[in-house]
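A.B. asks: Predicted coordinates and the sequence they were generated for:
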Amino acid sequence: MSKIAFVFPGQGSQTVGMGKELAEKHSEVMEYFIKADKRLHIQLSHLIFEGPKEELTITFNTQPALLTTSIAILDYFQKSGVKADFVAGHSLGEYTALVAAGVMSFEDGVYAVRKRGEFMENAVPNGEGSMAAILGLDREPLSAVTKEVSESGHPVSLANLNCPGQIVISGSRKGVELAGAKAKEAGAKRVLPLEVSGPFHSTLMRPAANELLNVLDGIDMKDASIPVVVNVAAVPVSSAVAIKDKLIEQLYSPVLWEDSVVKMIALGVDTFIEIGPGKVLSGLIKKIDKTVKTYSVSDEETAQAVMDALKEEML
């Protein structure tokens, strides 16, 4: 029996105007943007629909913007009756997955990621941390490189294990620079510095994790109605208590995206539906396993195309 996973994108997938067409046509979609504005006491919907891009890409704006848009699209798409056997999200997208699985309410999710974004921005002074994508080097040799550099006094670690041959490292500016050079010596094809405002998913994010715990303690979290494959362990988790622990850990631990996808495939998933703007996760999933089906839903047209394709398969 084939199984379906809904997956939700993280930072980097945002675009000005995302969700706008759907919201203008469907009042129930617009309702999510209105709820987000009210919960955060800002005009988030205007920022999402009209920009400016520079403001939308600030971490504490991007995170609630992506969660709001993805959940609004999900609500529209689910009217088709398509149900998921598992949900997962990349970094920030994990919170969208938790809202989708009923672990936290939409309003609490929007608030939590707004605060998460603020804590991440404030954890390390601007310019002191960075991230880089390392292409063409396996995790074991790259892990050895980051360990060696960290032991020399410049913290750096694996941050996102996205797909074979694509791993992001994160840490102090000097640590990332040194590790990038050593990775090339060890056989990496390319080192691409990323335009980010901080060293996400590195040990330098521990101060943010402590602050995030206070926020999550104030949120009513329920057990998941659909198993959530969590970033830090790449296993399905349903217990609210365990999920909260994993969210705190997630801030300073690597996102095991490749492992999470492999796990879902092992559990019978053969269809992945990316819900939200962009096709980043669909691309990564195809690099992990070419045999699975991937779809992306970002507006009315793509939602209809996916519904038609799934109906066709069932015939």
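C.D. replies: That came through fine.
A.B. asks: part of a strand, is A309?
C.D. replies: No - using DSSP: H, G, I helix; E, B strand; the rest coil, the assignment for A309 is helix, not a strand.
A.B. asks: so the spatially closest residue to it that is not a sequence neighbour bridges to which residues?
C.D. replies: Distances taken as CB to CB, 6 or more residues apart in numbering put Y295 closest to A309, at 6.7 Å, once the chain neighbours are dropped. Just so you know, the C-beta spots here come from the backbone N, C-alpha and C atoms, and that holds for glycine as well. Legend: beta-bridge partners of Y295 under DSSP bridges are I273.
A.B. asks: Y295 - how many residues pack around it?
C.D. replies: If you count neighbours by other CB atoms under 10 Å, Y295 ends up with 20.
A.B. asks: my guess is it meets M307, correct?
C.D. replies: No - Y295 lies out of contact with M307 (CB atoms under 8 Å); the separation is 9.7 Å.
A.B. asks: ok, I134 - how many residues close by?
C.D. replies: Neighbour count of I134, defined by other CB under 10 Å: 27.
A.B. asks: Would you check that it makes contact with L142?
C.D. replies: Yes - using CB under 8 Å, I134 is in contact with L142, at 5.9 Å.
A.B. asks: Overlap in contacts, those two.
C.D. replies: Listed as contacting both I134 and L142 by CB atoms under 8 Å, 6 or more residues apart in numbering are 167, 169, 183, 188.
A.B. asks: Could you dump these into a markdown table and include neighbour count, secondary structure and distance to S105?
C.D. replies: Shown next, in a markdown table, are the shared contacts of I134 and L142 (neighbours: other CB atoms under 10 Å; DSSP: H, G, I helix; E, B strand; the rest coil; distance: CB to CB, whole Å):
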| residue | neighbour count | secondary structure | distance to S105 |
| --- | --- | --- | --- |
| I167 | 26 | strand | 34 |
| I169 | 30 | strand | 35 |
| A183 | 25 | helix | 42 |
| A188 | 23 | coil | 43 |
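A.B. asks: can you tell me which two in these are farthest apart?
C.D. replies: Longest distance between any two of these is 10.3 Å, between I169 and A188; criterion CB to CB.
A.B. asks: list residues touching both of these two?
C.D. replies: By CB under 8 Å, 6+ apart, the residues touching both I169 and A188 are 134, 142, 180.
A.B. asks: OK, contacts around the second one?
C.D. replies: Applying CB under 8 Å, 6+ apart, we find L142 in contact with 134, 158, 167, 169, 183, 186, 188.
A.B. asks: could you dump the helix or strand hosting it to PDB, C-alpha only?
C.D. replies: If you go by DSSP states H and E, L142 is part of helix 139-151. What follows is the C-alpha trace of helix 139-151 in PDB, where atoms were taken according to Å, rounded to 0.1, in the frame of the first residue of the first chain:
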ATOM      1  CA  ARG A 139      29.400  13.500   5.500                       C
ATOM      2  CA  GLU A 140      32.200  11.400   7.200                       C
ATOM      3  CA  PRO A 141      35.200  13.300   5.800                       C
ATOM      4  CA  LEU A 142      33.400  16.700   6.200                       C
ATOM      5  CA  SER A 143      32.500  15.800   9.800                       C
ATOM      6  CA  ALA A 144      36.200  15.100  10.400                       C
ATOM      7  CA  VAL A 145      37.100  18.500   8.900                       C
ATOM      8  CA  THR A 146      34.600  20.400  11.100                       C
ATOM      9  CA  LYS A 147      35.800  18.600  14.200                       C
ATOM     10  CA  GLU A 148      39.400  19.500  13.500                       C
ATOM     11  CA  VAL A 149      38.600  23.100  12.900                       C
ATOM     12  CA  SER A 150      36.400  23.400  15.900                       C
ATOM     13  CA  GLU A 151      39.100  21.900  18.100                       C
END
